[in-house]
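K.L.:
what's the 3D shape of this:
(one chain, ligands or ions: 1)
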Amino acid sequence: MISYDLIVIGSGTAAQVAVAKVRAAGWSVAVIDHRPFGGTCALRGCDPKKMLVSGEEAIDAARRMAGHGVEGALAIDWPALMAFKRTFTDPIPAKQEHRYAELGVDAFQGLAHFVGPDTIEVDGRTLQARHVLIATGARPVPLGIPGEEQVSTSDDFLELDSLPRRIVLIGGGYVAAEFSHLAARAGAEVTILQRAPRLLPQFDPDLVGWLMPRFYELGIAVETGATVTRVERGQGGLLVHASRPGAPDLSVAADLVVHAAGRGPDLETLDLAAGEVAVQDGRLQLDDHLRSLSNPRVFAAGDAAGGGPPLTPVSSHDAKVVAANLLDGASHRPDYRGVPSVVFTVPPITAVGLSEAEARRRGLVFRINAASTPDWFTARRLAERVYGHKVLIEEHSDLVLGAHLVGPGADEVINLFGLAIRHGLTAADLRSTMFAYPTGASDVGYML
Ligand SMILES: Cc1cc2nc3c(=O)[nH]c(=O)nc-3n(C[C@H](O)[C@H](O)[C@H](O)COP(=O)(O)OP(=O)(O)OC[C@H]3O[C@@H](n4cnc5c(N)ncnc54)[C@H](O)[C@@H]3O)c2cc1C
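P.N.:
Numbers count the residues shown, from 1 in each chain. Model prediction:
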């Protein structure tokens, strides 16, 4: 049996950060993944998605500028765009393996599971660990409907060699919003079936409202209050059935149905009971230091830990906290203040800090600066009709409580508000900052 100071299960962002830090301190480390090394963000999430978004950004820019000095129609060549994406994703697993070899980290390919509180089995081998880090990420939550096996995942969507003509997205969060824009701009007929009363429930309702015309212009059919009950394969493809309270049931024909209805910690395969690692309702039971409440050898980070929002920067942050706890024995805690979220529709919609509803629930005293501003220069020069903001500022402290942006550049500018929230900058601090002009950031002063 081989023994390690640390065994990391998973090879995504959380794993990579933890491995590098702990190995640099001289610990012996093993990393395990049953899929190609690199994890979700780099191979099946953020990065490949955004490579594809680059294609639709180009299309959208040309369409917006049509009649304003730009002529000629552009179209997405899906296989070529996919090939562009693969120039980024294909080399990653080999690069990761190379890196592990350079670092002196043992990398195992296979499904890992606990066989004891300090013992992991992978590919028929038994490994012993002083500590284990569960960094197994997330997986789509089961839909629990007949025909679920016909439903593709976001992984499948991001590997499509050709674009199906009719696509149904189940769910109405950021994956549905992003994929619908992408597929519609690439020429597919897209339907979103969302159970909740509106799309993007995690984002500000006013800003989502300002963005919705972009969905309709693209011909995306958005059905809210629609609960998918069944998917069946018929002669002409797939048929997705949904029920709607107070309205007739819906049936939508599709060539591809994609699960975009949320993800949860991927813990199924770990045999946590054998590792004496407590779980409840599908979530690891962790203390404030990301350590298992039942097995002190075991820590978790990222989507698997589920402490912060399931985003890449959070996985990285968790891993730094765990590495610090492992290395200096101190009790570091994660700090999830000021984590920006971006939906990469075109244009993007973003949020950081408190929503208006949450600030009210907490009884805070704050002022709101909110406006739809397509007449501002940033939007005008791009011929973009969607541009707006909502910023919450606490009255007595002048601190930024939350910021919500939609429109061109929102995905970059939101980081400035994240900086302010995380580091306690006031609205006056931001107002007195000099931003390069004309940039999206130079609008910040007018949003406060
Ligand atoms: C379509 C999509 C788009 C996204 N876009 C964004 C975005 O734009 N911005 C953003 O911040 N976040 C985005 N995310 C979320 C982001 O990708 C995740 O938050 C992040 O990758 C999680 O990293 P992680 O290290 O926690 O886990 P992961 O990167 O998911 O790594 C977990 C690894 O563990 C492996 N594993 C699981 N179980 C076992 C086992 N038993 N044995 C061995 N290996 C195992 C898995 O194969 C996987 O490779 C997106 C996610 C998806 C799905």
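
K.L.:
show me where the stretch 251-400 of the chain has strands.
P.N.:
Taking DSSP state E, counting those that start in this stretch as the test, the strands found in the stretch 251-400 of the chain are 256-259, 263-265, 279-280, 283-284, 298-300, 341-343, 349-353, 366-372, 388-394, 400-406.

K.L.:
out of those strands, nearest to residue 15?
P.N.:
Within these, the stretch nearest residue 15 is strand 298-300; the backing value is 11.2 Å (C-beta to C-beta). Every C-beta, even on glycine, is put in place using the N, C-alpha and C of the backbone.

K.L.:
hmm, stretch 38-58 in reach of the ligand?
P.N.:
Yes - Stretch 38-58 comes into contact with the ligand (C-beta under 6 Å from any ligand atom), by way of 39-41, 45-46, 49.

K.L.:
need the contact list for residue 200.
P.N.:
Counting by C-beta atoms under 8 Å, 6 or more residues apart in numbering, residue 200 makes contact with 172-174, 177, 208, 343, 349.

K.L.:
ugh, wrong one, residue 54
P.N.:
residue 84 are the contacts of residue 54 under C-beta under 8 Å, 6+ apart.

K.L.:
What distance do you get for it to the ligand?
P.N.:
13 Å (C-beta to the nearest ligand atom, to the nearest Å).

K.L.:
want to throw the residues of stretch 38-58 next to the ligand into CSV with pLDDT?
P.N.:
Converted to CSV, the residues of stretch 38-58 next to the ligand look like this (pLDDT from 0 to 100):
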residue, pLDDT
39, 98
40, 98
41, 98
45, 98
46, 98
49, 98
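
K.L.:
Turn the strands of the stretch 251-400 of the chain into CSV, including mean neighbour count.
P.N.:
Formatted as CSV, these follow (neighbours: other C-beta atoms under 10 Å):
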stretch, mean neighbour count
strand 256-259, 25
strand 263-265, 20
strand 279-280, 12
strand 283-284, 21
strand 298-300, 28
strand 341-343, 22
strand 349-353, 26
strand 366-372, 16
strand 388-394, 23
strand 400-406, 28
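
K.L.:
backbone phi and psi for the closest residue in space to residue 178 that isn't next to it in sequence, please?
P.N.:
By the measure of C-beta to C-beta, 6 or more residues apart in numbering, the closest residue to residue 178 outside its immediate chain neighbours is residue 344, 5.1 Å from it. Torsion angles at residue 344 (phi, psi; degrees, to the nearest 10) stand at phi -90, psi 60.

K.L.:
Quick one: residues contacting residue 344.
P.N.:
Counted by C-beta under 8 Å, 6+ apart, residue 344 has contacts 49-50, 53, 174, 178, 411.

K.L.:
Fine by me, thanks again.
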